[in-house]
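>>> Structural data only, the sequence is not supplied:
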């Protein structure tokens, strides 16, 4: 199964590609823009599924979805998002997206969703459709934002503690709080979501 992932944040792109490869998808290609994705679909052998970041520059809302669907023909195109409302999810599905996949999905859930889409299904998680996600940008303290910056730079808790002149146990507590506020499962996913939601430059 050949998968093409388009996401402008390298951390997110590389992490999702690694998730999928670890789950047994052997041919996963990552690109950084809609334009590059369209070029790969036109020039490369057929992809079985394209995953598009909804918030990526150049998408212009659902216009990018329409352009990719035209390029892919009958083959499925799904949206990947770090933060979006149920209304946007429904609009994307109504516009022909075969899935609307939050980046907060675990690797196994993401793999299962892709298999479901490849088998002809349409995937949208119940919790996204039932209620809007928390607004992660609201409610972060200045200290939490500083810790988040350290996570996004790939620093360890000890390194962040040294930078901020705090105890390592304090950083661990901040990381736990950040994961809860961002809806992330771990520090890596917290950094991914922060990049995706432009909480860190």
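All right, it came through fine. What you see is a predicted model, and the numbers here were worked out from it, not measured in a lab.

>>> so who does residue 62 touch?
91-92, 95 (CB atoms under 8 Å, 6 or more residues apart in numbering). Any C-beta I mention is one placed from the backbone N, CA and C, and that applies to glycine too.

>>> Go ahead and confirm residue 146 touches residue 161.
No: contact criterion CB atoms under 8 Å: residue 146 and residue 161 do not qualify, at 11.2 Å.

>>> hmm, back to that, give me the subset of the contacts of residue 62 that lies in helices.
Among the contacts of residue 62, the ones falling in helices (DSSP state H) are 91-92.

>>> From residue 185, how far off is residue 140?
18 Å (CB to CB, to the nearest Å).

>>> The two - which one has more neighbours?
Using other CB atoms under 10 Å, the more surrounded residue of residue 140 and residue 185 is residue 140, with 18 against 13.

>>> Quick check: that one touching residue 148?
Yes: applying CB under 8 Å as the test, residue 140 and residue 148 come out as touching, 7.1 Å apart.

>>> Dig out what residue 28 forms beta bridges with.
residue 3 (DSSP bridges).

>>> Now do the same contact list for it.
For residue 28, the contact set (CB under 8 Å, 6+ apart) comprises 3, 5, 17, 20-21.

>>> from those residues, which is closest to residue 32?
Minimum distance to residue 32 across the contacts of residue 28 is 10.0 Å, recorded for residue 5 (CB to CB).

>>> Could you look up the SS state of that closest one?
Secondary structure assignment for residue 5 (DSSP: H, G, I helix; E, B strand; the rest coil): strand.

>>> returning to what we had before: which of residue 146 and residue 161 has more residues huddled nearby?
Comparing residue 146 with residue 161 by other CB under 10 Å, the one with more neighbours is residue 161, at 20 against 16.

>>> Can you tell me how far that one is from residue 170?
7 Å.

>>> rewinding a little: can I have the buried ones of the contacts of residue 62 as a ChimeraX selection?
To isolate the buried ones among those in ChimeraX, judged by 16 or more other CB atoms under 10 Å, type:
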select :91,92
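
>>> Please name whichever of the contacts of residue 62 scores lowest on pLDDT.
Lowest pLDDT among the contacts of residue 62: residue 91, with 84.

>>> Check what pLDDT the nearest residue to that one once chain neighbours are set aside gets.
In this structure, residue 91 finds its nearest non-sequential neighbour in residue 62, 6.3 Å apart by CB to CB, 6 or more residues apart in numbering. Confidence at residue 62, expressed as pLDDT, is 84.

>>> where in the protein is pLDDT low?
Within the chain, the stretches with pLDDT under 70 are 83-85, 127-139, 198-201.

>>> farthest residue from the center of it?
residue 165 (32.1 Å; CA atoms, centre = their mean).

>>> Spatially central residue for the protein, please.
residue 103 (3.6 Å).

>>> just the helices in this protein please.
10-22, 34-43, 63-72, 86-94, 107-118, 126-130, 142-152, 157-164, 168-182, 187-196.
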